[in-house]
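S.K.: have a look; sequence and predicted model below, questions after that.
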Amino acid sequence: MDVPMIVARRHMLRSAGAAALKIGAVAALYYVGGELGLGQQLVRGQVTPLWPPTGIALAALLLFGPWVWPGIALGAFLINVSLGPSLPVVLAITAGNTLAALCSYWLLRRVGFRTRMNRLWDAIALVCLGAFTGMLVSATVGGVVLSMADALPVGGFWPTWWVWWTGDAMGVLLVAPVLLVLSSVHRPKDVPAARWAEAALLVAATICVGILETSPTPLIFLAFPLLTWAAFRFQRAGAAPCALAASIFAIYAATHRTGPFAGHTLLTAMISLQAFNGAAALTALLLSAVVTERNQTLERVEEACRRLADMAERSALDTGSLPRGVDEHGDEEEERGGGRRG
(Lines give C-alpha, C1' and ligand atoms only; values in the text may rest on other atoms or scores of the structure.)
Protein backbone atom coordinates (compact mmCIF):
# COMPACT_ATOMS: atom_id res chain seq x y z
CA MET A 1 0.00 0.00 0.00
CA ASP A 2 1.50 3.32 -1.05
CA VAL A 3 1.88 6.38 1.15
CA PRO A 4 -0.98 8.46 -0.33
CA MET A 5 -3.48 5.66 0.32
CA ILE A 6 -2.25 5.29 3.90
CA VAL A 7 -2.61 9.04 4.48
CA ALA A 8 -6.08 9.03 2.91
CA ARG A 9 -7.20 6.11 5.07
CA ARG A 10 -5.91 7.76 8.22
CA HIS A 11 -7.72 10.94 7.28
CA MET A 12 -10.93 8.99 6.74
CA LEU A 13 -10.55 7.27 10.10
CA ARG A 14 -9.98 10.59 11.88
CA SER A 15 -12.99 12.12 10.14
CA ALA A 16 -15.17 9.13 11.05
CA GLY A 17 -13.97 9.26 14.64
CA ALA A 18 -14.72 12.99 14.90
CA ALA A 19 -18.17 12.45 13.41
CA ALA A 20 -18.91 9.62 15.85
CA LEU A 21 -17.83 11.81 18.78
CA LYS A 22 -20.12 14.62 17.65
CA ILE A 23 -23.05 12.24 17.22
CA GLY A 24 -22.40 10.78 20.66
CA ALA A 25 -22.16 14.26 22.19
CA VAL A 26 -25.48 15.27 20.61
CA ALA A 27 -27.12 12.11 21.95
CA ALA A 28 -25.73 12.73 25.44
CA LEU A 29 -26.82 16.37 25.49
CA TYR A 30 -30.26 15.39 24.20
CA TYR A 31 -30.63 12.80 26.95
CA VAL A 32 -29.46 15.16 29.70
CA GLY A 33 -31.77 17.89 28.42
CA GLY A 34 -34.66 15.45 28.42
CA GLU A 35 -34.00 14.41 32.00
CA LEU A 36 -33.90 18.05 33.06
CA GLY A 37 -37.15 18.72 31.24
CA LEU A 38 -38.92 15.73 32.77
CA GLY A 39 -37.89 16.95 36.18
CA GLN A 40 -40.18 19.96 35.77
CA GLN A 41 -43.45 18.21 34.94
CA LEU A 42 -46.53 19.87 36.38
CA VAL A 43 -48.18 16.46 36.72
CA ARG A 44 -46.34 13.16 36.74
CA GLY A 45 -46.66 11.53 33.34
CA GLN A 46 -47.67 14.76 31.59
CA VAL A 47 -45.61 16.38 28.85
CA THR A 48 -43.25 18.98 30.28
CA PRO A 49 -43.97 22.66 29.51
CA LEU A 50 -40.34 23.20 28.41
CA TRP A 51 -38.60 20.49 26.42
CA PRO A 52 -34.90 21.46 26.11
CA PRO A 53 -33.97 18.59 23.71
CA THR A 54 -35.77 20.31 20.81
CA GLY A 55 -33.50 23.34 21.17
CA ILE A 56 -30.46 21.09 21.52
CA ALA A 57 -31.41 19.10 18.42
CA LEU A 58 -32.05 22.15 16.24
CA ALA A 59 -28.87 23.89 17.37
CA ALA A 60 -26.85 20.74 16.62
CA LEU A 61 -28.31 20.53 13.12
CA LEU A 62 -27.63 24.21 12.44
CA LEU A 63 -24.06 24.06 13.72
CA PHE A 64 -22.92 20.64 12.44
CA GLY A 65 -25.30 19.77 9.63
CA PRO A 66 -28.08 17.23 9.05
CA TRP A 67 -25.69 14.26 9.30
CA VAL A 68 -25.89 14.38 13.14
CA TRP A 69 -29.51 13.20 13.09
CA PRO A 70 -28.54 9.72 14.44
CA GLY A 71 -27.47 11.44 17.66
CA ILE A 72 -30.90 13.07 17.93
CA ALA A 73 -32.64 9.77 17.28
CA LEU A 74 -30.48 7.93 19.81
CA GLY A 75 -31.05 10.54 22.50
CA ALA A 76 -34.80 10.59 21.85
CA PHE A 77 -34.97 6.81 22.02
CA LEU A 78 -33.09 6.67 25.32
CA ILE A 79 -35.46 9.25 26.83
CA ASN A 80 -38.69 7.72 25.53
CA VAL A 81 -37.86 4.07 26.16
CA SER A 82 -38.52 4.57 29.87
CA LEU A 83 -41.76 6.47 29.23
CA GLY A 84 -43.47 4.79 26.30
CA PRO A 85 -45.99 2.01 26.83
CA SER A 86 -44.40 -0.26 24.20
CA LEU A 87 -41.40 -0.43 21.88
CA PRO A 88 -43.35 0.40 18.67
CA VAL A 89 -44.79 3.50 20.36
CA VAL A 90 -41.32 4.53 21.53
CA LEU A 91 -39.89 4.09 18.02
CA ALA A 92 -42.74 6.13 16.50
CA ILE A 93 -42.30 8.97 18.99
CA THR A 94 -38.54 8.88 18.43
CA ALA A 95 -39.10 9.19 14.69
CA GLY A 96 -41.46 12.12 15.26
CA ASN A 97 -38.93 13.93 17.46
CA THR A 98 -36.17 13.43 14.90
CA LEU A 99 -38.32 14.46 11.94
CA ALA A 100 -39.50 17.59 13.75
CA ALA A 101 -35.93 18.79 14.26
CA LEU A 102 -35.03 17.99 10.65
CA CYS A 103 -38.15 19.78 9.41
CA SER A 104 -37.28 22.91 11.40
CA TYR A 105 -33.73 22.77 10.09
CA TRP A 106 -34.88 22.41 6.49
CA LEU A 107 -37.37 25.29 6.78
CA LEU A 108 -34.77 27.60 8.28
CA ARG A 109 -32.20 26.75 5.64
CA ARG A 110 -34.76 27.37 2.91
CA VAL A 111 -35.22 30.97 4.05
CA GLY A 112 -31.51 31.70 4.56
CA PHE A 113 -31.41 31.60 8.35
CA ARG A 114 -28.14 32.76 9.92
CA THR A 115 -26.94 31.24 13.17
CA ARG A 116 -25.60 34.64 14.24
CA MET A 117 -29.21 35.88 14.26
CA ASN A 118 -28.11 39.43 13.50
CA ARG A 119 -31.22 40.23 11.47
CA LEU A 120 -34.84 40.65 12.43
CA TRP A 121 -35.74 38.13 9.74
CA ASP A 122 -33.64 35.47 11.49
CA ALA A 123 -35.58 35.92 14.73
CA ILE A 124 -38.92 35.83 12.92
CA ALA A 125 -37.90 32.70 11.02
CA LEU A 126 -36.82 30.91 14.20
CA VAL A 127 -40.13 31.76 15.88
CA CYS A 128 -42.51 31.02 13.01
CA LEU A 129 -40.70 28.21 11.19
CA GLY A 130 -38.24 26.65 13.61
CA ALA A 131 -40.52 26.63 16.65
CA PHE A 132 -44.20 26.93 15.80
CA THR A 133 -44.19 25.12 12.43
CA GLY A 134 -41.50 22.48 12.74
CA MET A 135 -42.64 21.29 16.16
CA LEU A 136 -46.10 20.48 14.80
CA VAL A 137 -44.57 17.24 13.55
CA SER A 138 -43.47 15.89 16.93
CA ALA A 139 -46.67 16.95 18.73
CA THR A 140 -48.92 15.46 16.07
CA VAL A 141 -47.00 12.18 15.76
CA GLY A 142 -46.75 11.80 19.53
CA GLY A 143 -50.41 12.58 20.16
CA VAL A 144 -51.66 10.26 17.42
CA VAL A 145 -49.41 7.39 18.48
CA LEU A 146 -50.40 7.67 22.15
CA SER A 147 -54.07 7.81 21.20
CA MET A 148 -53.77 4.72 19.01
CA ALA A 149 -52.00 2.91 21.85
CA ASP A 150 -54.81 3.89 24.28
CA ALA A 151 -52.23 5.64 26.43
CA LEU A 152 -54.34 8.80 26.69
CA PRO A 153 -57.63 9.25 28.54
CA VAL A 154 -60.82 9.97 26.64
CA GLY A 155 -60.67 13.52 25.36
CA GLY A 156 -57.02 13.81 26.25
CA PHE A 157 -55.64 14.14 22.72
CA TRP A 158 -55.94 17.89 22.29
CA PRO A 159 -54.70 18.88 25.78
CA THR A 160 -51.70 16.55 25.36
CA TRP A 161 -51.09 17.77 21.81
CA TRP A 162 -51.19 21.43 22.91
CA VAL A 163 -48.82 20.94 25.85
CA TRP A 164 -46.51 18.82 23.70
CA TRP A 165 -46.40 21.40 20.91
CA THR A 166 -45.89 24.41 23.17
CA GLY A 167 -43.25 22.59 25.23
CA ASP A 168 -41.28 21.67 22.11
CA ALA A 169 -41.67 25.19 20.71
CA MET A 170 -40.47 26.74 23.96
CA GLY A 171 -37.43 24.47 23.85
CA VAL A 172 -36.53 25.88 20.43
CA LEU A 173 -37.19 29.51 21.38
CA LEU A 174 -35.40 29.44 24.74
CA VAL A 175 -32.63 26.84 24.45
CA ALA A 176 -31.49 27.01 20.82
CA PRO A 177 -30.57 30.74 20.93
CA VAL A 178 -28.45 30.20 24.04
CA LEU A 179 -26.55 27.33 22.40
CA LEU A 180 -26.02 29.38 19.24
CA VAL A 181 -24.64 32.21 21.38
CA LEU A 182 -22.27 29.81 23.16
CA SER A 183 -21.06 28.41 19.84
CA SER A 184 -19.83 31.84 18.74
CA VAL A 185 -18.58 33.09 22.10
CA HIS A 186 -15.07 34.49 22.20
CA ARG A 187 -12.95 36.32 24.70
CA PRO A 188 -13.76 40.02 24.38
CA LYS A 189 -10.89 42.44 23.93
CA ASP A 190 -10.49 45.99 25.16
CA VAL A 191 -13.73 45.89 27.13
CA PRO A 192 -13.94 48.75 29.64
CA ALA A 193 -14.40 47.93 33.30
CA ALA A 194 -17.77 49.67 33.31
CA ARG A 195 -19.03 47.17 30.74
CA TRP A 196 -18.00 44.22 32.93
CA ALA A 197 -19.66 45.87 35.91
CA GLU A 198 -22.89 46.28 33.96
CA ALA A 199 -22.80 42.62 32.91
CA ALA A 200 -22.33 41.55 36.52
CA LEU A 201 -25.20 43.80 37.56
CA LEU A 202 -27.39 42.20 34.90
CA VAL A 203 -26.60 38.72 36.22
CA ALA A 204 -27.39 39.80 39.77
CA ALA A 205 -30.63 41.45 38.65
CA THR A 206 -31.64 38.28 36.78
CA ILE A 207 -31.19 36.20 39.91
CA CYS A 208 -33.13 38.71 42.03
CA VAL A 209 -36.00 38.87 39.56
CA GLY A 210 -36.06 35.07 39.37
CA ILE A 211 -36.36 34.84 43.15
CA LEU A 212 -39.21 37.35 43.05
CA GLU A 213 -40.94 35.22 40.40
CA THR A 214 -41.08 32.31 42.83
CA SER A 215 -42.17 34.41 45.82
CA PRO A 216 -45.79 34.50 47.03
CA THR A 217 -46.15 38.01 45.61
CA PRO A 218 -47.03 37.88 41.87
CA LEU A 219 -44.13 39.91 40.45
CA ILE A 220 -43.44 37.85 37.36
CA PHE A 221 -43.88 40.91 35.11
CA LEU A 222 -40.55 42.30 36.38
CA ALA A 223 -38.82 39.99 33.92
CA PHE A 224 -39.75 42.16 30.95
CA PRO A 225 -37.83 45.31 31.95
CA LEU A 226 -34.89 42.99 32.60
CA LEU A 227 -35.17 41.47 29.11
CA THR A 228 -35.43 44.94 27.58
CA TRP A 229 -32.25 46.03 29.36
CA ALA A 230 -30.41 42.87 28.28
CA ALA A 231 -31.52 43.22 24.66
CA PHE A 232 -30.59 46.89 24.32
CA ARG A 233 -27.24 46.69 26.05
CA PHE A 234 -26.00 43.17 25.23
CA GLN A 235 -28.25 42.08 22.34
CA ARG A 236 -28.67 38.33 21.83
CA ALA A 237 -25.72 37.41 24.07
CA GLY A 238 -27.52 38.94 27.04
CA ALA A 239 -31.19 38.58 26.11
CA ALA A 240 -31.20 34.85 25.29
CA PRO A 241 -29.73 33.64 28.63
CA CYS A 242 -31.96 36.08 30.55
CA ALA A 243 -35.07 34.77 28.82
CA LEU A 244 -34.09 31.17 29.57
CA ALA A 245 -33.40 32.00 33.22
CA ALA A 246 -36.70 33.86 33.61
CA SER A 247 -38.60 30.92 32.12
CA ILE A 248 -36.83 28.40 34.37
CA PHE A 249 -37.82 30.40 37.46
CA ALA A 250 -41.39 30.67 36.15
CA ILE A 251 -41.58 26.91 35.58
CA TYR A 252 -40.32 26.34 39.12
CA ALA A 253 -43.04 28.66 40.43
CA ALA A 254 -45.68 26.83 38.40
CA THR A 255 -44.60 23.39 39.58
CA HIS A 256 -44.69 24.55 43.19
CA ARG A 257 -47.94 26.53 42.73
CA THR A 258 -46.51 29.78 44.06
CA GLY A 259 -46.43 33.38 42.88
CA PRO A 260 -48.88 34.08 40.03
CA PHE A 261 -49.67 30.36 39.72
CA ALA A 262 -50.95 29.91 43.27
CA GLY A 263 -54.59 28.94 43.65
CA HIS A 264 -55.22 28.20 39.98
CA THR A 265 -56.25 25.02 38.21
CA LEU A 266 -53.74 23.00 36.21
CA LEU A 267 -55.14 24.27 32.90
CA THR A 268 -54.99 27.91 33.99
CA ALA A 269 -51.45 27.49 35.31
CA MET A 270 -50.34 25.84 32.07
CA ILE A 271 -51.86 28.56 29.90
CA SER A 272 -50.36 31.32 32.04
CA LEU A 273 -46.95 29.66 32.12
CA GLN A 274 -46.75 29.07 28.38
CA ALA A 275 -48.01 32.58 27.67
CA PHE A 276 -45.24 33.99 29.86
CA ASN A 277 -42.58 31.74 28.33
CA GLY A 278 -43.64 32.66 24.81
CA ALA A 279 -43.77 36.38 25.59
CA ALA A 280 -40.34 36.28 27.23
CA ALA A 281 -38.80 34.41 24.30
CA LEU A 282 -40.37 36.70 21.70
CA THR A 283 -39.31 39.82 23.60
CA ALA A 284 -35.73 38.62 23.88
CA LEU A 285 -35.37 37.39 20.30
CA LEU A 286 -37.17 40.15 18.41
CA LEU A 287 -35.92 43.09 20.44
CA SER A 288 -32.29 41.94 20.43
CA ALA A 289 -32.50 41.34 16.66
CA VAL A 290 -33.91 44.82 16.06
CA VAL A 291 -31.20 46.44 18.21
CA THR A 292 -28.46 44.42 16.49
CA GLU A 293 -29.76 45.37 13.06
CA ARG A 294 -29.93 49.04 14.08
CA ASN A 295 -26.37 48.96 15.39
CA GLN A 296 -25.13 47.37 12.17
CA THR A 297 -26.90 50.05 10.13
CA LEU A 298 -25.31 52.79 12.22
CA GLU A 299 -21.88 51.20 11.77
CA ARG A 300 -22.36 51.09 7.99
CA VAL A 301 -23.48 54.74 7.93
CA GLU A 302 -20.48 55.79 10.03
CA GLU A 303 -18.13 53.81 7.77
CA ALA A 304 -19.65 55.45 4.68
CA CYS A 305 -19.23 58.89 6.29
CA ARG A 306 -15.59 58.15 7.08
CA ARG A 307 -14.94 57.08 3.49
CA LEU A 308 -16.61 60.18 2.12
CA ALA A 309 -14.56 62.35 4.47
CA ASP A 310 -11.35 60.60 3.35
CA MET A 311 -12.28 61.03 -0.31
CA ALA A 312 -13.05 64.71 0.23
CA GLU A 313 -9.76 65.22 2.04
CA ARG A 314 -7.77 63.50 -0.70
CA SER A 315 -9.59 65.48 -3.36
CA ALA A 316 -8.82 68.73 -1.58
CA LEU A 317 -5.14 67.79 -1.25
CA ASP A 318 -4.92 66.81 -4.92
CA THR A 319 -6.55 70.04 -6.00
CA GLY A 320 -4.37 72.22 -3.79
CA SER A 321 -1.07 70.51 -4.69
CA LEU A 322 -0.78 72.04 -8.18
CA PRO A 323 0.46 75.67 -8.33
CA ARG A 324 -1.85 78.05 -10.08
CA GLY A 325 -0.90 78.52 -13.70
CA VAL A 326 0.92 75.17 -13.99
CA ASP A 327 -0.71 72.13 -15.60
CA GLU A 328 -0.31 68.57 -14.43
CA HIS A 329 2.79 68.07 -16.62
CA GLY A 330 4.65 70.93 -14.96
CA ASP A 331 4.51 73.27 -18.02
CA GLU A 332 3.35 76.83 -17.81
CA GLU A 333 0.00 77.52 -19.44
CA GLU A 334 0.08 79.28 -22.72
CA GLU A 335 -1.25 82.75 -22.75
CA ARG A 336 -4.51 83.05 -24.61
CA GLY A 337 -3.21 85.52 -27.20
CA GLY A 338 0.44 84.92 -27.83
CA GLY A 339 1.52 81.37 -27.07
CA ARG A 340 4.81 81.02 -25.18
CA ARG A 341 6.96 83.99 -24.46
CA GLY A 342 10.37 83.81 -26.02
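M.R.: That came through fine.
S.K.: what residues does stretch 280-296 touch?
M.R.: For stretch 280-296, contacts defined as C-beta atoms under 8 Å, 6 or more residues apart in numbering pick out 117-120, 122-124, 126-127, 170, 173-174, 177, 223-224, 227-228, 230-232, 235-236, 238-240, 242-243, 246-247, 250. Bear in mind the C-beta positions are built from the backbone N, C-alpha and C, glycine included.
S.K.: recalculate using a threshold of 6 Å.
M.R.: Stretch 280-296 is contacted from outside by 118-120, 123, 173-174, 227, 231-232, 235-236, 239-240, 243, 246-247, using C-beta atoms under 6 Å, 6 or more residues apart in numbering.
S.K.: just the helices in the stretch 1-150 of the chain please.
M.R.: Counting by DSSP state H, counting those that start in this stretch, one finds helices in the stretch 1-150 of the chain at the ranges 3-38, 52-64, 69-80, 87-110, 120-125, 136-148.
S.K.: make CSV out of the ones you listed and add mean neighbour count.
M.R.: Output for those, formatted as CSV (neighbours: other C-beta atoms under 10 Å):
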stretch, mean neighbour count
helix 3-38, 14
helix 52-64, 26
helix 69-80, 22
helix 87-110, 20
helix 120-125, 20
helix 136-148, 20
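S.K.: show me where pLDDT drops low in the chain?
M.R.: Scanning the chain for pLDDT under 70 picks out 1-4, 6-8, 11, 42-47, 320-342.
S.K.: how about the residue positioned nearest the centre of it, what does it touch?
M.R.: Nearest to the geometric centre of the chain sits residue 177, at 1.7 Å (C-alpha atoms, centre = their mean). Neighbour list for residue 177: residue 240 [criterion: C-beta under 6 Å, 6+ apart].
S.K.: from residue 313, how far out is it?
M.R.: Noted for residue 177: a distance of 43 Å to residue 313, by C-beta to C-beta, to the nearest Å.
S.K.: next: residue 173.
M.R.: Taking C-beta to C-beta, one finds residue 173 at 49 Å from residue 313.
S.K.: then residue 52?
M.R.: Look at residue 52 and residue 313: by C-beta to C-beta, they are 55 Å apart.
S.K.: more crowded one of residue 173 and residue 313?
M.R.: residue 173 (30 against 10; other C-beta atoms under 10 Å).
S.K.: may I ask which helix or strand encompasses that one?
M.R.: In this structure, residue 173 sits in helix 157-183 according to DSSP states H and E.
S.K.: residue 154 now?
M.R.: Applying DSSP H and E, one finds residue 154 in no helix or strand.
S.K.: pull the contacting residues for it.
M.R.: Counting by C-beta under 6 Å, 6+ apart, residue 154 has no contacts.
S.K.: ok, it to residue 147 distance?
M.R.: For residue 154 relative to residue 147 (C-beta to C-beta), the value is 10 Å.
S.K.: returning to that earlier point: Throw the helices of the stretch 1-150 of the chain into a markdown table and include distance to residue 211, thanks.
M.R.: Shown next, in a markdown table, are these (distance: least, C-beta to C-beta, whole Å):
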| stretch | distance to residue 211 |
| --- | --- |
| helix 3-38 | 20 |
| helix 52-64 | 22 |
| helix 69-80 | 30 |
| helix 87-110 | 34 |
| helix 120-125 | 29 |
| helix 136-148 | 33 |
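S.K.: list just the one of those helices that sits closest to residue 259.
M.R.: When these are compared by C-beta to C-beta, helix 3-38 sits nearest residue 259, at 20.7 Å.
S.K.: other SSEs contacting that closest one?
M.R.: Under the contact definition 3 or more C-beta pairs under 6 Å, 6 or more residues apart in numbering; DSSP states H and E, helix 3-38 sits against helix 52-64, helix 69-80.
S.K.: and the angle from the first one to helix 69-80?
M.R.: Which is helix 52-64. Interaxial angle of helix 52-64 relative to helix 69-80 (axes from the mean of the first three to the mean of the last three C-alpha atoms, to 10 degrees): 170 degrees.
S.K.: could you look up the SS state of residue 218?
M.R.: State at residue 218, reduced to three classes by DSSP: H, G, I helix; E, B strand; the rest coil: coil.
S.K.: so how far is residue 214 from the nearest residue to it once chain neighbours are set aside?
M.R.: Using C-beta to C-beta, 6 or more residues apart in numbering and skipping the chain neighbours, the partner closest in space to residue 218 is residue 260 (3.9 Å). Residue 260 is 10 Å from residue 214, where distance means C-beta to C-beta.
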